[in-house]
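Trainee: kindly generate the corresponding structure for this input.
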Amino acid sequence: MDGAQLWQTLIQGVVQGITEFLPISSKSHLILVGSLLDRWFGTSSTATETVELIVGLHLGTLVATIVVYWKELWSLRTRHRLLLNVIVGSIPVAIVGLAFKDWFEQTLVSPFLVGLGLFVTAWFLFAGQRLEVNLLEMDQMKWPHALKVGCFQTLALFPGISRSGSTIAGGLMVGLTRQAATTFSFLLSVPAVGGVVLLKGIALRHSNSLAIGQLLFGAVISFAVGIVALRFLIRIVTQRKLHWFAWYCLLLGTVVTAWQLWP
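Mentor: Residues are numbered from 1 along each chain as shown. Reported below is the predicted structural model:
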C-alpha cells in the first residue's frame, strides 16, 4: 500500500465511520469522497476496487454496532418477541436486495443518483421528527410495526438514502419512542449489513484488487470512528435534533445535483 492508497483509505475509513451511523448515507459519502480523492491523487479506482473497499469499511462499522449494542443483541436469546421482529424486519431488504442485486451495484457509481437520494433522506428525517408519537417501547412492538420499518430499510438500497435515517424515521412514524427507534434500527443493521459483507466477501475472495492490509486498515479506522459516531447519534436522536441532518442532506443534495447537471 503506497502513500496515496494509505491516505485514501484513511480518509474513507473516517468518512465511513461517521456517515454509517449519522443519518446522512454512508454510501453517498463514500462514492463522492472516492471520486474526489481519485481526482486529487490522480488515481482511478475500478468498480471492483470500490466495492471491495466499501465491504471492508462496512465490516469495521458492523463490528462497532455489535460492540455498542452487544447487550441488546445478547438479550435476543430470551426476548423472543423482539427476535421475531428483527427477523420480520429483515425480510424485505433481503428479498429486494437479492432480487435486484446487480442493478443496485450499478447505481453505486452514480453521483447524480446520490444527490437525488439525499433529498429523499432529508424528507424522511423531517417527516420522522414531525410525525413521531412516542408510544411504543421496543418490546411492545408487533410484527406489522417491524415489517413497516423493514420496508423503510429497503429504500436505503438506493444511493443517497440513509439506512439509519430511513429506519429511525420509519420507527418514529409507526409509533416507537426515540430510543426504541434508534436501537431497533441498529439491531436491524446487523443482519442487513452482515449479510452484505458476507456475500460480497465470498464473491470477491479471489479478486485481490486491493491488498488485504489496505482493507483491514480501512476496517480498523471505520470501527474506531464508528464507535464515537454511534454514541453521538444516540444522544442526538433522544434530544430531537434529527432536523440538523435533514438540512445537511438538503444542502449536500443540492450541491451534488447542481455539480452533475452543470454543463
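
Trainee: could you give the number of residues near residue 99?
Mentor: Residue crowding around residue 99 was assessed by other C-beta atoms under 10 Å; the count is 10. Glycine gets a C-beta too; all of them are placed from N, C-alpha and C.

Trainee: before we move on, what about residue 61?
Mentor: Residue 61: 28 surrounding residues under other C-beta under 10 Å.

Trainee: render the CA-only coordinates of the helix or strand that it is a member of in CSV, please.
Mentor: Assigned by DSSP states H and E, residue 61 falls within helix 47-68. Output of helix 47-68 as CSV, limited to C-alpha atoms (Å, rounded to 0.1, in the frame of the first residue of the first chain):
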residue,chain,number,x,y,z
ALA,A,47,-15.7,-0.8,-9.8
THR,A,48,-14.4,-3.9,-8.1
GLU,A,49,-11.9,-1.9,-6.0
THR,A,50,-14.7,0.4,-5.0
VAL,A,51,-17.0,-2.5,-3.9
GLU,A,52,-14.1,-4.2,-2.1
LEU,A,53,-13.3,-1.1,-0.1
ILE,A,54,-16.9,-0.4,0.8
VAL,A,55,-17.2,-4.0,2.0
GLY,A,56,-14.1,-3.7,4.2
LEU,A,57,-15.2,-0.3,5.6
HIS,A,58,-18.7,-1.7,6.4
LEU,A,59,-17.1,-4.6,8.2
GLY,A,60,-15.5,-2.1,10.6
THR,A,61,-18.7,-0.3,11.3
LEU,A,62,-20.6,-3.6,11.7
VAL,A,63,-18.2,-4.6,14.5
ALA,A,64,-18.7,-1.2,16.1
THR,A,65,-22.5,-1.7,16.1
ILE,A,66,-22.1,-5.1,17.7
VAL,A,67,-19.8,-3.6,20.4
VAL,A,68,-22.2,-0.8,21.3
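
Trainee: which residues of this protein fall in helices?
Mentor: For the chain, the helices defined by DSSP state H occupy 3-19, 26-41, 47-68, 70-75, 80-99, 101-106, 111-131, 143-155, 163-173, 178-203, 212-238, 242-261.

Trainee: by mean pLDDT, flag the weakest helix or strand of this structure.
Mentor: helix 101-106 (a mean of 72; mean pLDDT, DSSP states H and E).

Trainee: show the model's pLDDT score for residue 45.
Mentor: We have a pLDDT of 61 for residue 45.

Trainee: meant to ask about residue 29
Mentor: pLDDT for residue 29: 86.

Trainee: and what of residue 252?
Mentor: For residue 252, pLDDT reads 94.

Trainee: spatially nearest residue to residue 167 (excluding sequence neighbours)?
Mentor: With sequence-adjacent residues excluded and distances taken as C-beta to C-beta, 6 or more residues apart in numbering, residue 167 is closest to residue 185, at 4.0 Å.

Trainee: nope, residue 68 is what I was after
Mentor: Closest residue in space to residue 68, ignoring its immediate chain neighbours: residue 230 at 5.2 Å, by C-beta to C-beta, 6+ apart.

Trainee: is it true that the one you found touches residue 65?
Mentor: Yes. The pair residue 230 / residue 65 is scored as a contact, 6.8 Å apart, by C-beta atoms under 8 Å.

Trainee: common neighbours of the two, please.
Mentor: Shared contacts of residue 230 and residue 65 (C-beta atoms under 8 Å, 6 or more residues apart in numbering): 21, 186.

Trainee: circling back to that earlier point, which other helices and strands contact the helix holding residue 61?
Mentor: helix 3-19, helix 26-41, helix 178-203, helix 212-238 (3 or more C-beta pairs under 8 Å, 6 or more residues apart in numbering; DSSP states H and E).

Trainee: in TSV: those, plus distance to residue 99.
Mentor: TSV is the format used below for those (distance: least, C-beta to C-beta, whole Å):
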stretch	distance to residue 99
helix 3-19	26
helix 26-41	19
helix 178-203	13
helix 212-238	28
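
Trainee: lowest-confidence stretch among these?
Mentor: Ranked by mean pLDDT, the helices and strands packed on helix 47-68 end with helix 26-41 at the bottom, a mean of 81.

Trainee: who's in contact with that helix?
Mentor: Helix 26-41 is touched from outside by 4, 7-8, 11-12, 15-16, 19-20, 43-45, 50, 53-54, 57-58, 61, 108-111, 114, 117-118, 159-160, 162-163, 252, 256, with contacts defined as C-beta under 8 Å, 6+ apart.
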